[in-house]
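>>> Provide a 3D model corresponding to the input given below.
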Amino acid sequence: MVDTLFFVHTSDQNPDEIAAAYELRGWNIATAGPHAADALDRMAESSPVAAVFCLDGDCAPDVTAFAEHALADDRTNKPLMVFVGGETSDIAVARAIAPYGIFVRPDELPWVLKRLIPKY
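Numbering: from 1, shown residues only. Now for the predicted structure:
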């Protein structure tokens, strides 16, 4: 199994900074914006063990919609879906779409990935 994390980011986030921290821990990283024309293709090709979706800010509806499309796409391997941050209403919407998703605060993400996916 390839140890890849797939981060769904928006234009106001810096995925390179996030990716660098996890690459140092030995992960392969793939990223895409929720509106990128090839985002689902990249997710399917990378076959990640986890997909990380940021729910903070105005991006939550776009990121949640992408997560819904990813779950419906037959090409994806249905990775562990981790939703980070978000308002209570955004979390409720995401939880309805991905009831088996993991919902964490930003500072909990490293801990969750470390314990749920044996990589370290």
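>>> CA atoms only: put the least confident helix or strand in the chain by mean pLDDT into PDB for me.
None of the helices or strands of the chain scores lower by mean pLDDT, DSSP states H and E than helix 15-23, at a mean of 75. Provided in PDB are the C-alpha atoms of helix 15-23 (Å, rounded to 0.1, in the frame of the first residue of the first chain):
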ATOM      1  CA  PRO A  15      -1.000  23.300   0.800                       C
ATOM      2  CA  ASP A  16       2.700  23.300   0.300                       C
ATOM      3  CA  GLU A  17       3.300  24.200   4.000                       C
ATOM      4  CA  ILE A  18       0.900  21.500   5.100                       C
ATOM      5  CA  ALA A  19       2.400  18.900   2.700                       C
ATOM      6  CA  ALA A  20       5.900  19.700   3.800                       C
ATOM      7  CA  ALA A  21       5.100  18.800   7.400                       C
ATOM      8  CA  TYR A  22       3.700  15.400   6.500                       C
ATOM      9  CA  GLU A  23       6.400  14.700   3.800                       C
END
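>>> contact partners of that helix?
Counting by CB atoms under 8 Å, 6 or more residues apart in numbering, helix 15-23 makes contact with 5, 7, 9, 29, 31, 110, 113, all of which sit outside it. Quick note: C-beta positions are derived from backbone N, CA and C, even for glycine.
>>> who wins on neighbours among these?
Leu5 (27 neighbours; other CB atoms under 10 Å).
>>> please name the bridge partners of that residue.
Ile29, Ala50 (DSSP bridges).
>>> for Asn28, see how far away it is.
With distances taken as CB to CB, to the nearest Å, Leu5 is found 7 Å from Asn28.
>>> in terms of model confidence, name the weakest of the contacts of helix 15-23.
The lowest pLDDT within the contacts of helix 15-23 belongs to His9, which sits at 77.
>>> right, and that residue touches Thr31 too?
Yes: in this structure His9 lies within contact range of Thr31 using CB atoms under 8 Å: 5.7 Å.
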